[in-house]
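Engineer: Predicted model and sequence below, questions to follow.
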Amino acid sequence: MTSTRANFDPQQQRAGIRRTVWIVGGIAFALFVLFIVKQFLWH
Amino acid sequence: MATHAAEHSHDDHAHDDHDHKPHGFINRWVFSTNHKDIGTLYLIFSFTMACIGAAFSGVIRTELMKPGLQFVQPYFFNQMTTMHALVMIFGAIMPAFVGLANWMIPLQIGAPDMALPRMNNWSFWILPFAFTILLSTLFMPGGAPAGGWTMYPPLAIQGGNSVAFLVFSVHLMGISSIMGAINIIATILNMRAPGMDLLKMPVFVWSWLITAFLLIAVMPVLAGAVTMLLTDKYFGTSFFNAAGGGDPVMFQHVFWFFGHPEVYIMILPAFGIVSEIIPTFSRKPLFGYQAMVFAIASIAFLSFIVWGHHMFTVGMPLGGELYFMFATMLIAVPTGVKVFNWVSTMWGGSLSFEAPMLWAIAFVILFTIGGFSGLMLALVPADFQYQDTYFVVAHFHYVLVTGALFAIIGAIYYWWPKWTGKMYNETWAKVHFWWSVVFINILFFPQHFLGLAGMPRRIPDYNVAFADWNLVSTIGAYGMFLTPIMMFAILWQSKKSGAPATMHVWEASHGLEWTVPSPAPFHTFATPPVIHDEDLAHGDITH
């Protein structure tokens, strides 16, 4: 935790933002679908 | 003069002064992509919603002032309790924290703005539409939703078509929250200035990073649950309809899987705020920085595995009751760590009691009262007595008003001089505090007694045995209604004619936000700052 982040490069930063959005947004969407599908299959 | 201005329009000074703010009201505020302006919009929206929610509570407390039906009919009373909760939770408390996050996170991590500024604009501007839709149901045939903010079927879908509007507005609020959370996570993980390692971040930033993950995990679950309510009502499905093979209790499980973490969404950022304010006015570093961060993370984790404590009386196996009881009581451990660390930060410090510190200390004391009554509610045998009584109402108002709201007000007094460049009248800010702290306890403390005596919640009329404490509680409510007016007047006077604030504002303030001028320029940290240890809010724990 003491090291300075090396990737303060705008392009890498944008790529990092894009990656974060896809992962976090993907989790959110998956949870939305998962709970409805789960209710269809098992209630 | 014009020539003079033109000559200097490109020099550094003019650059700072004008800041390239967009021209015109619409461009500045409707199309805003600036984190500070969007933060301001969130805070104004939150204040407006808090006033509307307070008006609904005024109807509730006025009706409950005396036994018997005085002012409103029971069906309208039920609409008021439902709308009060929805407006306060989704319209006042959550947007206030998002507003503070927008203002402060980029400033505290040395970022020029949020990672996704245009999505930030969208996150905010969805909200006024969501709440217009929700509030419009008050004027519809059949009125507003009246089945409680928990929307339990079958009751909630037996109302009029307000259900559809409620579900759509909850969808919009959910989309707004999810987009806001994605933005906050992307900003914190990718936009920190070089040298701002994770364990060098202010606790407020940590609290929001963890809160944003909670939002991502639970808002889609709520969206799924209300979508199923909608299809049950309008499209013939039977997710929660026992007659069609569904299970109404399953809704309660899904709802509280969202609902319990939601409670922590409304309190974790408050923990972060208090962890910033107390060290500043104790003139000491925060005691146990790492423990504070891990405690927040532990509370967040535990919030996912305790939802059943809201449903003890619904019926569940003994093993389930025991599990949810003990898991819930476990939350007291990291919460206790936090309370002890705040007290330890103050211990031996050179304390001063400016307005933000007063709100923070009141938070620690009164939130702990809410925490203790929460522990009482966690006990299964006791909960069978407390369930659906005014004791529960007293509990969550101590957590959400003297907890979340007090922290928000403390944060506004703490960072206001940085936002506006103006100090406020300290005497009147203290009057605001003492007035609030007296009347809030007159309002909510007697509700413990009413609940223990057996008064049910969500009723417009009650046994005469409950009359005295209800009158006292209503007097407290009327006192509290003056406080938004008082706060507005204090901040308005400060904006118009307050004394100029210095860059550091407070004697012992630490953190990157205090290294920019007051008021904070429209654009900050366009060039990443060089971070010195003394600029860190809580120092470098690795040294």
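Structural biologist: Nice, I can see it. All figures in this text were calculated on a predicted structure; none of them were measured in a lab. Numbers count the residues shown, from 1 in each chain, chains lettered A, B, ... in the order given.

Engineer: Which residues of the stretch 51-200 of chain B lie near chain A?
Structural biologist: For the stretch 51-200 of chain B, the residues in contact with chain A (CB under 8 Å from any CB of the partner chain) are B:115-116, B:178, B:181-182, B:185-186, B:189-199. C-beta here means a position set from N, CA and C on the backbone, and glycine is covered the same way.

Engineer: Going through those, which ones are buried?
Structural biologist: B:115-116, B:178, B:181-182, B:185-186, B:189-193, B:195-197 (16 or more other CB atoms under 10 Å in any protein chain shown).

Engineer: Which two among these are spaced furthest apart?
Structural biologist: B:Ile178 and B:Gly195 (30.7 Å; CB to CB).

Engineer: Please identify which helix or strand holds B:Ser352.
Structural biologist: Assigned by DSSP states H and E, B:Ser352 belongs to neither a helix nor a strand.

Engineer: Could you check how far it is from B:Trp506?
Structural biologist: 9 Å (CB to CB, to the nearest Å).

Engineer: overlap in contacts of these two?
Structural biologist: B:Phe281 (CB atoms under 8 Å, 6 or more residues apart in numbering or on different chains).

Engineer: Which one's more surrounded, these two?
Structural biologist: Shown here are B:Ser352 and B:Trp506; by other CB atoms under 10 Å in any protein chain shown, B:Trp506 has more neighbours (20 against 13).

Engineer: In contact with the closest residue to the more buried one other than its chain neighbours, which residues are there?
Structural biologist: In space, and not counting its chain neighbours, B:Trp506 is closest to B:Thr280: 5.2 Å by CB to CB, 6 or more residues apart in numbering or on different chains. By CB under 8 Å, 6+ apart, B:Thr280 lies in contact with B:356-357, B:414, B:506, B:508-510.

Engineer: now do 10 Å
Structural biologist: B:286, B:352, B:354, B:356-357, B:360, B:414, B:505-511, B:514, B:537 (CB atoms under 10 Å, 6 or more residues apart in numbering or on different chains).

Engineer: likewise B:Trp435?
Structural biologist: B:Trp435 touches B:479-480, B:482-483, B:486, counting by CB under 10 Å, 6+ apart.

Engineer: Just among these, which is most surrounded?
Structural biologist: Most surrounded of the contacts of B:Trp435: other CB under 10 Å gives B:Met480, at 22 neighbours.

Engineer: That one and B:Arg61 touch, don't they?
Structural biologist: Yes - judged on CB atoms under 10 Å, B:Met480 makes contact with B:Arg61 at a distance of 9.4 Å.

Engineer: Out of the contacts of B:Thr280, which sit inside helices?
Structural biologist: B:356-357, B:360, B:414 (DSSP state H).

Engineer: Tell me if the helix or strand hosting B:Phe326 is near chain A.
Structural biologist: Taking DSSP H and E as the definition, B:Phe326 sits inside helix B:318-330. No - judged by CB under 10 Å from any CB of the partner chain, helix B:318-330 and chain A are separated, with a smallest distance of 17.8 Å.

Engineer: Show the pLDDT at residue 28.
Structural biologist: I'll assume chain A. pLDDT recorded at A:Ala28 is 91.

Engineer: switch to chain B, that's the one I care about
Structural biologist: For B:Arg28, pLDDT reads 93.

Engineer: residues contacting it?
Structural biologist: B:21-22, B:34, B:37, B:522.

Engineer: Out of those, which one has the weakest pLDDT?
Structural biologist: Within the contacts of B:Arg28, pLDDT is lowest for B:Lys21, at 85.

Engineer: Can you tell me the SS state at it?
Structural biologist: Following DSSP: H, G, I helix; E, B strand; the rest coil, B:Lys21 is assigned to coil.

Engineer: try B:Leu377
Structural biologist: Under three-state DSSP, B:Leu377 comes out as helix.

Engineer: thinking it is in contact with B:Val393, fair?
Structural biologist: No - the criterion here is CB under 10 Å, and B:Leu377 misses it with B:Val393 at 11.4 Å.

Engineer: which residues are common contacts for B:Met480 and B:Arg61?
Structural biologist: Common neighbours of B:Met480 and B:Arg61 (CB under 10 Å, 6+ apart) are B:Leu443.

Engineer: State the pLDDT value of residue 12.
Structural biologist: Answering for chain A, as no chain was given. 87.

Engineer: other chain: chain B
Structural biologist: Confidence score, pLDDT, at B:Asp12: 38.

Engineer: thinking B:Tyr323 is in contact with B:Pro317, fair?
Structural biologist: Yes - B:Tyr323 lies in contact with B:Pro317 (CB under 10 Å); the separation is 9.3 Å.

Engineer: what's near enough to touch residue 21?
Structural biologist: Let's take chain A. With CB under 10 Å, 6+ apart, A:Val21 has these contacts: B:115-116, B:119, B:179, B:182-183, B:185-186, B:190.

Engineer: Please refer instead to chain B.
Structural biologist: By CB under 10 Å, 6+ apart, B:Lys21 lies in contact with B:27-28, B:32, B:34, B:37, B:521-523.
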